[in-house]
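Enquirer: coordinates for the following, if possible.
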Amino acid sequence: PFDPPEPTRHNEVPWVQPYPDVLLPESAYLHREQVELAFVEALQQLPPRQTAALVVCDVLGFPLREAAAVLDTTTTAVKGALQRARATLRAPATRPPAHGSAEERRLSKQFAAAFVADDVDAVIALLTDDAWLAMPPAPHQYAGAAAIAGFLRASAAWRAGRQYSLLPTRANAQPAFGCYLDAAPAGLLVLTLDGDRIARVTRFMDDTLFPAFGLPRAFSRSPASAAPSAPARGPGAAPDRW
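Expert: Model (predicted):
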């Protein structure tokens, strides 16, 4: 059985699903260099709980007490998350590499090579010191190199030599990969870059997303087949594979 280490925390806020870059307005009408989704990019820096607090309070205008009810938490928790989110957005940000740049391609390729080889040390070397790993809709999150490394090693041990395959795509204006195990879809990996390193690895455990990202329903080194995708996992389900 898959026996991952205890997560750093359990996220209590629902995730927004990933969105294909090809469907973003700027992809259809304008170059990325001309129009930047500045607020969306800023939100990528924040953990889900802080993002939710910022959107509910600062974007939608809910007072703290009502925001706490919406998010099913305490007023104190919302206030703390909101303060941390505002502080992060005020801090000078390290910008990710430009879309399609050599640096972005280098980071993405290095991550993919290390990930499919189960080279945990190489994956960790590409991450920022405060990087974190999430697997929505499961609430489990792993923060920091030690926690992420422990989870990846548990995954490799559970798979007993079976390796992943990755196919590149883009989601949320970021590099992404369709992940496959034994030819079957096994989640959508989205990388959030910070300068020359990776700050977040988000694995969306909903295999029905693949067609929207131009990904085949089954992996093959020959032209992709049309095998049916796996059913979506329910909110809050514990990860039973990685």
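
Enquirer: when you work out contacts or count neighbours from here on, use the C-alpha atoms and nothing else.
Expert: Fine.

Enquirer: for residue 137, phi and psi?
Expert: When quoted as degrees, to the nearest 10, the phi and psi of residue 137 stand at phi -90, psi 0.

Enquirer: correction: the previous question concerned residue 214.
Expert: Residue torsions, per degrees, to the nearest 10, at residue 214 are phi 70, psi 20.

Enquirer: quick one: mean pLDDT for the helix or strand containing residue 49?
Expert: Per DSSP states H and E, residue 49 falls inside helix 48-54. The pLDDT scores in helix 48-54 average 86.

Enquirer: and that helix, how far from the chain's centre?
Expert: Here helix 48-54 shows a centroid-to-chain-centroid distance of 15 Å under the convention Cα atoms, centre = their mean, to the nearest Å.

Enquirer: so which elements touch that helix?
Expert: Applying 3 or more Cα pairs under 8 Å, 6 or more residues apart in numbering; DSSP states H and E, one finds that helix 48-54 contacts helix 64-71, helix 75-90.

Enquirer: alpha carbons only: can I get the longest one in PDB?
Expert: Okay, so that is helix 75-90. Extracted as PDB, the C-alpha positions of helix 75-90 are listed here (Å, rounded to 0.1, in the frame of the first residue of the first chain):
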ATOM      1  CA  THR A  75     -12.300  35.300  12.000                       C
ATOM      2  CA  THR A  76      -8.800  35.100  13.500                       C
ATOM      3  CA  ALA A  77      -7.700  32.600  10.800                       C
ATOM      4  CA  VAL A  78      -9.000  34.800   8.000                       C
ATOM      5  CA  LYS A  79      -7.400  37.900   9.400                       C
ATOM      6  CA  GLY A  80      -4.000  36.100   9.700                       C
ATOM      7  CA  ALA A  81      -4.200  34.700   6.200                       C
ATOM      8  CA  LEU A  82      -5.200  38.100   4.800                       C
ATOM      9  CA  GLN A  83      -2.300  39.800   6.500                       C
ATOM     10  CA  ARG A  84       0.200  37.300   5.200                       C
ATOM     11  CA  ALA A  85      -1.200  37.500   1.700                       C
ATOM     12  CA  ARG A  86      -1.000  41.300   1.700                       C
ATOM     13  CA  ALA A  87       2.600  41.200   3.000                       C
ATOM     14  CA  THR A  88       3.600  38.700   0.200                       C
ATOM     15  CA  LEU A  89       2.000  40.900  -2.500                       C
ATOM     16  CA  ARG A  90       3.700  44.000  -1.200                       C
END
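
Enquirer: quick check: angle from that helix to helix 64-71?
Expert: 90 degrees (axes from the mean of the first three to the mean of the last three Cα atoms, to 10 degrees).

Enquirer: contacts for whatever helix or strand comes next after helix 75-90 next, please.
Expert: Per DSSP H and E, the first helix or strand lying C-terminal to helix 75-90 is helix 102-116. Helix 102-116 is contacted by residues 97-98, 120, 122-123, 126, 163-166, 175, 191, 196-198 when judged by Cα atoms under 8 Å, 6 or more residues apart in numbering.

Enquirer: what do you get if the cut-off is 7 Å, keeping everything else the same?
Expert: 97, 98, 122, 123, 163, 164, 165, 166, 175 (Cα atoms under 7 Å, 6 or more residues apart in numbering).

Enquirer: next one: stretch 121-134
Expert: Counting by Cα under 7 Å, 6+ apart, 111, 114-115, 140-145, 148-149, 197-203 sit against stretch 121-134.

Enquirer: what about residue 52, distance to residue 71?
Expert: According to Cα to Cα, to the nearest Å, residue 52 stands 8 Å off from residue 71.

Enquirer: could you do residue 65 as well?
Expert: 10 Å.
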